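Novice: A structural model of the following input is requested.
(4 chains, ligands or ions: 7)
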Amino acid sequence: MEMQTQLLSGNFELSIKNVNNKIVGDEAMQNKYNLENLVISKPEELIFGTAPHPVECGHGLVIGGGQVYPEINFTLPSMTIEEKTWKEVRKQYTTIIEEVCQRAVTLESSGIVVEFELLPPMTINPEWGAEITQILRNTLDDFYEKEGLRSALRVTPVDVRDSERPPRMRSGKFWEKTYQSFEKCAEAGADMLSIESTGGKEVHDEALVHGDLAGLIFALGSLGVRDMGFLWSNIVEISARHDVIPAGDTACGFANTAMVLAEKKMIPRVLAAVDRVASVARTLQGHLEGALGPTKDCAYEGPYIKALTGVPISMEGRTSACAHLSTIGNVAGACCDMWSNESVQNVRLLSANAPVVSLEQLIYDCRLYNTAIAEGKNYSNNYRRLLIESDIHRDPQAYVLDPEVVIKISQKLINCDTPLAMTFKAVKETINIIEKAYQDKELELNKGDVRWLGLLKNQLGNIPKDESSLLERIQSSPLGDKFLPQEYGI
Amino acid sequence: MEMQTQLLSGNFELSIKNVNNKIVGDEAMQNKYNLENLVISKPEELIFGTAPHPVECGHGLVIGGGQVYPEINFTLPSMTIEEKTWKEVRKQYTTIIEEVCQRAVTLESSGIVVEFELLPPMTINPEWGAEITQILRNTLDDFYEKEGLRSALRVTPVDVRDSERPPRMRSGKFWEKTYQSFEKCAEAGADMLSIESTGGKEVHDEALVHGDLAGLIFALGSLGVRDMGFLWSNIVEISARHDVIPAGDTACGFANTAMVLAEKKMIPRVLAAVDRVASVARTLQGHLEGALGPTKDCAYEGPYIKALTGVPISMEGRTSACAHLSTIGNVAGACCDMWSNESVQNVRLLSANAPVVSLEQLIYDCRLYNTAIAEGKNYSNNYRRLLIESDIHRDPQAYVLDPEVVIKISQKLINCDTPLAMTFKAVKETINIIEKAYQDKELELNKGDVRWLGLLKNQLGNIPKDESSLLERIQSSPLGDKFLPQEYGI
Amino acid sequence: MRLIEELKKAVIKGHANVDAAYPPDMKGQPGVIDLVNKALEENVELKTILNKGLIGGMNIVGEKFSSGEYFVPEMMISAKAMKGGLNLLEPLLVKEPSQKLGTVIMGTVKGDMHDIGKNLVGMMLEGGGFEVIDLGVDVLPEKFVKVASKHPDALIGMSALLTTTMENMRETIELIRENSLDNKIIVGGAPITEKFANEINADGYSNNAGIVVDMAKNLLKIDNK
Amino acid sequence: MRLIEELKKAVIKGHANVDAAYPPDMKGQPGVIDLVNKALEENVELKTILNKGLIGGMNIVGEKFSSGEYFVPEMMISAKAMKGGLNLLEPLLVKEPSQKLGTVIMGTVKGDMHDIGKNLVGMMLEGGGFEVIDLGVDVLPEKFVKVASKHPDALIGMSALLTTTMENMRETIELIRENSLDNKIIVGGAPITEKFANEINADGYSNNAGIVVDMAKNLLKIDNK
Ligand code: B12
Ligand code: B12
Ligand code: SF4
Ligand code: SF4
Ligand SMILES: [Zn+2]
Ligand SMILES: [Zn+2]
Ligand SMILES: [Zn+2]
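Specialist: Numbering: from 1, shown residues only, chains lettered A, B, ... in the order given. Ligands and ions are numbered 1, 2, ... in the order given. The predicted structure is shown next:
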């Protein structure tokens, strides 16, 4: 923990909150994150279904306790959300949750996790989000009682602080609404709280499309970490009051934006891969504040978080193609504890509504994971190898998710002095490892990616490493007026 | 072959056509289907990716030659097909095929099979079906030339003979249109021809909802087999003239209707399982006429066909949940040579249009199959076991797709005197094997299914086994006026 | 009444008459026909036989189906057994309008051959006391208009299973209205959604055969006792 | 002309001036600013510098991006380098309408904060010679109307990334028309389809920043030379 204090002071809380949580096992939280050692230090122990610090939630689901559970997400079809459509909105969610639970029963799923990701108007009007939470809660309870379906509900308010430019992170209406949304959803029956938080994104977006490495590092390692500290100390506090699990965050607005842009050939894949690992210190900060996992499904930095902290992680891959295309559809599952579809609109497909279709696919995926676990080491290792081998040689973004690589890089991330130093380390090691893999013909890269590997190395050599010089450089660049330093405690 | 002559005479052609086809290997076709021995007689040889009689087609794809290829299917979103919407129809298919090919290139698929399943107006107007075939052909060729994407095109006219009740199978406008549709699509650039044919379905539908086993057996083992003989001798003849592959048929209108009804809890699962195996003799008849495989994706009777004849098979499972929900999402892949999504409308999902999403999922599935094959026996056996074990103990429909069970039942299906006898045998053996598995606690059944297992056994004991007595019984029942005997050469 | 309870049970079990082999465990016991005859001999009120015995039994069958205990074939068998009993009563019942609840015109729309769902809905309606005129599959809009104009009070039920034939429902409804017919219209089939049903101005929609009888009663303003 | 070719190449490579570190392999060589200055000294016609050198270079950059050779950051750098050159020319160019191709008002609609796509489109339009008025994100319909009424000839471009904000495009277009403004309107963003664009009466749609410049020229009837 001590590592943090050097850089981040003031409103940045470093001790882990003593949450009245349902964590399994009785180790003192303090010991878990000393970050002097990896919690998982052998690649072969970074596996699916089992996490050193499992989390119990909902109707007795133990995440990371030896099974992989499906995490189903869904959203509205094309429609507006307002007073006059609200009845229809309620109806949509009512239908979705009933159909989804019914299918889980038919396919005899041993349990499901439902994620409700609020849409912006539901956070701006916190009662709305709470109302839907309540609907989902009731149906899940009904199915537990009548059909014995075990389940847990993750609720994810929107980070509406991102609604102004430059955004206010610690003050103003939007922060208040975000806070209230957590509070009300927790009251209304969430089992876990999450968010896709956006602190630093206003700088990151701009830096990304300019391929500006200094901007990316600053956005993630300084602004991002600072905001995660502020935000998650609050979420942990709310969670403790309502006896719910503060689960985890994701670098979605950062590294997934990069991934999607790389998919559209807008930025090089190597940049997206570097950005992914650069997001680790940022997402980690939530756990230093007391987030217990499972991490958010779309946090592909999850394997790093699992190695560093031992919390269970949710991941998504081929079955989330409905929400974003990717080149990491299989390897993403190598060490997941939940397996998600990310999101799908409630539209009718030939067989059923899309959320039901997604759930069915997730359940079959989980059957494979869980049968492999049940059949023993030989099977689970073999299956895991297929997941890994089938992806990692084709794309650097897949390569950095190989558990071997995760552990190798994570080894370098411990014992860093500050989160910013950790972020620099992540960038450097990732560039090196990708370069080596390319040279060893372990990894294919196309011409543009090779060119960019050089450009990135070049850039990295010219970025000041201490926070104040970096800040100075950013403030004197066009990125300078994108953010408000005081909103990050700077 | 001799087995057929006893029952089915006249317009029923029994010798295998000497097709000018691209089959790999040089065995005489005659030897392949003696049906005195299984072509694959050991369960461990009924595996994914490899078939004893692979088929080469399209741009050098070898189906069943050691790799599993994705087979992507798609259909129009909600819209009518007529003169005035035709421009939009063309545009839909043009966009779909371009997007799909582009994604296959990005994900470095080693090849794809595209299935174009005509919609009824495109068969009624054979030029329309041919026009779309041409569009697909051209785009596939472009991508082969420009990007090196290997591919093959399967075209599947609709069996519009089913448009009247009772249907005319061998005469009249609808049969003529079906015939012309094959002809024109072959000319327009299909690499393979298929159909989901419906001979006997008019009886089968009715028998199914009445749970009438005599009607099911008669529909499949007598009417179905007779029509397959007539229809496929024609398709084989057309294929020979145009140098395309006569691929295969499916009991979709029969056993898949049963599966979908079982999914909706309308009929018992044991009935659907029995109906599946009862459809083997019917689908087999196409191959006795000269169909070379791959069987149609939705022919879940494929594993039996593969064991009996050695032709490669296309299958579909969890990734076809967009088209029909099922309880056989994993086991369906245990011995597939192609892996399909069955069908999906061209609707926009959050990431991309649904056909692109399906293709991405199929490609990741195929990466797993093919990585397992590449890593060697230990891996492919282990993975195959996961696919099987994860499904077969929960549903009789899954249980009868376990390669062990497939081989066990198939052993009993050879050396039958007639296709009808084969169908009776299939029903009897399936009932016995399900009963035993239930008693041995190898298979869960719910109360209704157990009740029905008894009812089916009971019925089977009271059905006359020879075709003429069976015909008499059917004709004196309400099923009697559903079909025209002369349209089946009776 | 013991006898009526027995009759109800015979309907529920689908046992048509003493000789019927189905269900195996009731072979040799009196079936629906036998019991109706017996009730007639004993001068039980016609209404009681009909409402408590036959329709009462079918209601239980419907419930068992909804709860997943029964499958369609069992429902079919019970429906057939019940009809056997009904045939005996019909000549005796005064032909009052009260006796048939109402008429429903059913059909699968133009271009579409799927009829399993439509038939199921038709069967439920018959079981619920409606007269069903089944126009079959691939029914042209003109045909619906023609039949509807002869039955101005009938409910019209349309089924479509293809996304490419859904639009023909709209066309059909438009033609019906253009012909100044104000029959109530209900629609269904796998691709149909409530939203779509509203959009094409249908009066009712269901994806569930189970609730169709109640819907029909509501729309035709029949007392739902 | 060698010089103009050199200038074009500097734009393509994104080399702003002799001191610029990017791209590493051109460090020390003259950049766009140096070459524009040199061309001015040599009295090359302004039009040639602009159209053949600067815009000509950017066109190639656009092509390289479309073909997958270049990424967005490279396009950004080239655009910036080009702008540096443009700044030198601007005071010298007579302020004729011919010189700016036209004006585009860009914004992400009400309730929606996604702006990467919108910015990209804006950049392409600027690169193609348009003046872009960027209203930012979460733009109320009233704001579009206000700005459009000041620029009656401007093209309006709207972006939406959420299925829940798509409908706000319709609302915005309706308000614009209600205010009797007849600006041409184009729309885009991941969930938007051509069908939807037609439905809400937009004048143009694209899911591809590459073709937006041509679309804008067509709609504003600018000679597409
Ligand atoms: C069985 C079936 C067939 C059988 C039809 C047998 C028959 N006699 O009906 C056969 C094999 C012939 C067939 C043919 C075709 N089919 Co088909 N078929 C199916 C299948 C598997 C099941 C349909 C079914 O009977 N379901 C069971 C019944 C009970 O459910 P239901 O109809 O939805 O009815 C319920 C409710 O909807 C409601 N309801 C229904 N009607 C009504 C009416 C009213 C008034 C009310 C209130 C309620 C109501 O109550 C019912 C009870 O709960 C579906 C797949 C699926 N997943 O649904 C495809 C499906 C409908 N078929 C499809 C296709 C493509 C075809 C063909 C074009 C295939 C081809 N290329 O040859 C042809 C078309 C023929 C034609 N012109 O119509 C597609 C449609 C795709 C699309 N674009 O729309 C589907 C969805 C399959 C798929 N996933 O691709 N098919
Ligand atoms: C980046 C991103 C974000 C970033 C936005 C950063 C930014 N400054 O823009 C952040 C993290 C902040 C974010 C937030 C949210 N997002 Co977001 N986001 C994305 C993501 C990953 C990429 C979008 C993108 O930039 N694409 C790249 C650009 C270049 O493409 P494009 O915008 O489509 O533009 C191209 C064309 O469409 C066209 N075009 C675009 N505009 C215009 C305009 C004109 C006139 C023309 C001609 C052409 C045109 O040209 C462009 C170039 O080719 C998408 C996922 C996806 N698969 O698209 C989700 C996505 C759009 N987001 C989604 C969601 C749900 C959200 C949140 C609600 C999440 C939450 N629960 O917190 C919030 C909403 C905030 C708000 N009020 O708007 C969903 C939308 C789902 C839905 N129901 O509609 C998506 C689809 C993700 C998903 N699969 O669930 N998001
Ligand atoms: S779709 Fe993927 S990229 Fe997008 S918002 Fe969800 S996770 Fe982030
Ligand atoms: S969806 Fe399934 S059941 Fe249906 S038509 Fe296609 S294959 Fe046959
Ligand atoms: Zn996300
Ligand atoms: Zn089929
Ligand atoms: Zn199919």
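Novice: other residues contacting stretch A:52-63?
Specialist: The contact list for stretch A:52-63 (Cβ atoms under 8 Å, 6 or more residues apart in numbering or on different chains) reads A:22-25, A:27, A:32, A:39-40, A:51, A:64-65, A:69, A:111, A:113, A:140, A:144, A:149-153, A:191-192, A:245, A:247, A:292-294, A:309-312, A:337-338. For the C-beta atoms, the positions are set from N, CA and C on the backbone; glycine is no exception.
Novice: and the longest helix for chain C?
Specialist: Scanning chain C for the longest helix, with DSSP state H as the assignment, gives helix C:72-89.
Novice: pLDDT wise, what is C:T172 at?
Specialist: On the pLDDT scale, C:T172 is placed at 96.
Novice: the closest residue to A:E442 other than its chain neighbours: what's it in contact with?
Specialist: Among residues not flanking A:E442 along the chain, A:H393 sits closest, at 6.4 Å (Cβ to Cβ, 6 or more residues apart in numbering or on different chains). Listed by Cβ under 8 Å, 6+ apart, the contact set of A:H393 reads A:Y399, A:E442, A:L443, A:E444.
Novice: show me the domain layout of chain C.
Specialist: For chain C, automatic domain parsing gives the domain ranges C:2-98, C:100-219.
Novice: most packed of these?
Specialist: domain C:100-219 (a mean of 20; mean count of other Cβ atoms under 10 Å in any protein chain shown).
Novice: against ligand 3, how distant is A:A352?
Specialist: 22 Å (Cβ to the nearest ligand atom, to the nearest Å).
Novice: contacts only, for that residue.
Specialist: With Cβ under 8 Å, 6+ apart as the criterion, the residues that contact A:A352 are A:E99, A:R103, B:A321, B:L325.
Novice: do C:Y70 as well
Specialist: B:G448, C:V61, C:K64 are the contacts of C:Y70 under Cβ under 8 Å, 6+ apart.
Novice: closest one to ligand 2 out of those, please.
Specialist: B:G448 (40.0 Å; Cβ to the nearest ligand atom).
Novice: re earlier: which of the contacts of C:Y70 fall within helices?
Specialist: B:G448, C:V61, C:K64.
Novice: excluding sequence neighbours, find me the nearest residue to the second one.
Specialist: This means C:V61. C:S78 (4.5 Å).
Novice: tell me the pLDDT of that neighbour.
Specialist: Looking at C:S78, its pLDDT is 90.
Novice: any idea how far it is from B:Y93?
Specialist: Note on C:S78: its distance to B:Y93, by Cβ to Cβ, to the nearest Å, is 47 Å.
Novice: kindly report the same for A:I328.
Specialist: Going from A:I328 to B:Y93 by Cβ to Cβ gives 30 Å.
Novice: and the helices in chain C, which stretches?
Specialist: Secondary structure of chain C, counting by DSSP H: helices at C:2-13, C:32-41, C:46-47, C:56-66, C:72-89, C:116-127, C:141-150, C:166-178, C:194-199, C:212-219.
Novice: please state the offset of the longest one from the chain centre?
Specialist: What it means is helix C:72-89. 12 Å (Cα atoms, centre = their mean, to the nearest Å).
Novice: ok, now which ones touch the residue sitting nearest the centre point of chain C?
Specialist: Nearest to the mean C-alpha position of chain C, by Cα atoms, centre = their mean, lies C:L125 at 1.5 Å. Contacts of C:L125 were listed using Cβ under 8 Å, 6+ apart, and they are C:V104, C:M106, C:V132, C:G157, C:V212, C:V213, C:A216.
Novice: show me the two of the residues you listed that sit farthest apart.
Specialist: The largest separation in these, counting by Cβ to Cβ, is between C:M106 and C:V213 at 13.2 Å.
Novice: mean pLDDT lowest where, among the helices of chain C?
Specialist: helix C:116-127 (a mean of 81).
Novice: OK, contacts around A:L107?
Specialist: A:L107 neighbours (Cβ under 8 Å, 6+ apart): A:E360, A:I363, B:T327.
Novice: and the second one, which of the three is it?
Specialist: When the structure is reduced to helix, strand and coil (DSSP: H, G, I helix; E, B strand; the rest coil), A:I363 reads as helix.
Novice: against chain C, how distant is it?
Specialist: 20 Å (Cβ to the nearest Cβ, to the nearest Å).
Novice: and the first one, by the same measure?
Specialist: Counting by Cβ to the nearest Cβ, the gap between A:E360 and chain C amounts to 16 Å.
Novice: what does the last one give?
Specialist: Relative to chain C, B:T327 is positioned 15 Å away (Cβ to the nearest Cβ).
Novice: now do the residue in chain A that chain D sits nearest to, the pLDDT please.
Specialist: Nearest residue of chain A to chain D, counting by Cβ to the nearest Cβ: A:G211, 3.0 Å away. Here, the pLDDT recorded for A:G211 equals 95.
Novice: how about low-confidence regions in chain A?
Specialist: A:1-34 (pLDDT under 70).
Novice: any idea of the pLDDT on C:S98?
Specialist: On pLDDT, C:S98 comes in at 50.
Novice: what's the closest non-adjacent residue to the closest residue to ligand 3 within the stretch 51-200 of chain A?
Specialist: The minimum distance from the stretch 51-200 of chain A to ligand 3, using Cβ to the nearest ligand atom, falls at A:E196 (6.7 Å). Nearest non-adjacent residue to A:E196, counting by Cβ to Cβ, 6+ apart: A:C252, 4.4 Å away.
Novice: can you pull the contacts of that neighbour?
Specialist: The neighbourhood of A:C252, defined by Cβ under 8 Å, 6+ apart, consists of A:E196, A:K296, A:C298, A:A299.
Novice: nearest to ligand 2, of those residues?
Specialist: Once Cβ to the nearest ligand atom is applied, the member of the contacts of A:C252 that ends up nearest ligand 2 is A:E196, at 4.9 Å.
Novice: pull the number of nearby residues for that closest one.
Specialist: With neighbours defined by other Cβ atoms under 10 Å in any protein chain shown, the count for A:E196 comes to 21.
Novice: ok, now the one 4 residues further on?
Specialist: Here the number of neighbours of A:G200 (other Cβ under 10 Å) works out to 32.
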